[in-house]
Structure formats: structure tokens, C-alpha cells
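**Student:** next comes the sequence, and after it the predicted model I'd like to discuss.
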Amino acid sequence: MIVDARQRSALKALNGVLVMARSMAYEGKSDELAVVLDTAEYLPLLMLDPVDRTEEFRGHLLDLAARFPRFEWALTRFDAPEE
């Protein structure tokens, strides 16, 4: 699970990952896209886990941003204060 205070941010981050993945698909970066989608498919499972996985969720976003800087946007969306 993601702590309640971070639920909206987690969904915004996941949306960011998918938006950037679509961009990579249009650019024809299929090998990189496969790595991104491996992460994207795992993030919702962390959200559904009954155990707090907030830091693990953030860690996956951090790893993605380190490997592909364009994904810093998704990390920023997760770290942004709730509205």
C-alpha cells in the first residue's frame, strides 16, 4: 500500500510514467520502453499490497529517473505536496 497521504501523488506519478512511456514508444525506443513498462506494471501492485510500500514505490521511481532522466518528472509528481 501507499500511505493515504501519498495515494494521489502515487497515481499522478504512475500517470507520468505512462505518459513518458508513450513518448518513448513514438520515438521507437522499444528496448528502453520494455524496462520502463516492467516498472510501470509493478507500481500498481505496490499500491495494492496490504503492507506499506511507499518507500519502495518511490525507490522504483528514483531508479527509473536515474536510468532515464526524463522520468524525474514522475518522481517530482510523487514528491510534490498534496493539493
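**Tutor:** Cool, got the structure.
**Student:** wait, what's in contact with the residue nearest to Glu56 when sequence neighbours are not counted?
**Tutor:** Nearest residue to Glu56 in three dimensions, chain neighbours excluded: Leu46, at 5.9 Å (C-beta to C-beta, 6 or more residues apart in numbering). Glycine gets a C-beta too; all of them are placed from N, C-alpha and C. Residues counted as contacts of Leu46 (C-beta atoms under 8 Å, 6 or more residues apart in numbering) are 1-2, 53, 56-57, 60.
**Student:** now swap in Gln7 and tell me
**Tutor:** Met47.
**Student:** in this structure, where is pLDDT below threshold?
**Tutor:** 83 (pLDDT under 70).
**Student:** change it to 90
**Tutor:** Within the chain, the ranges that satisfy pLDDT under 90 run 81-83.
**Student:** strands of that one, start to end?
**Tutor:** Taking DSSP state E, the chain contains no strands at all.
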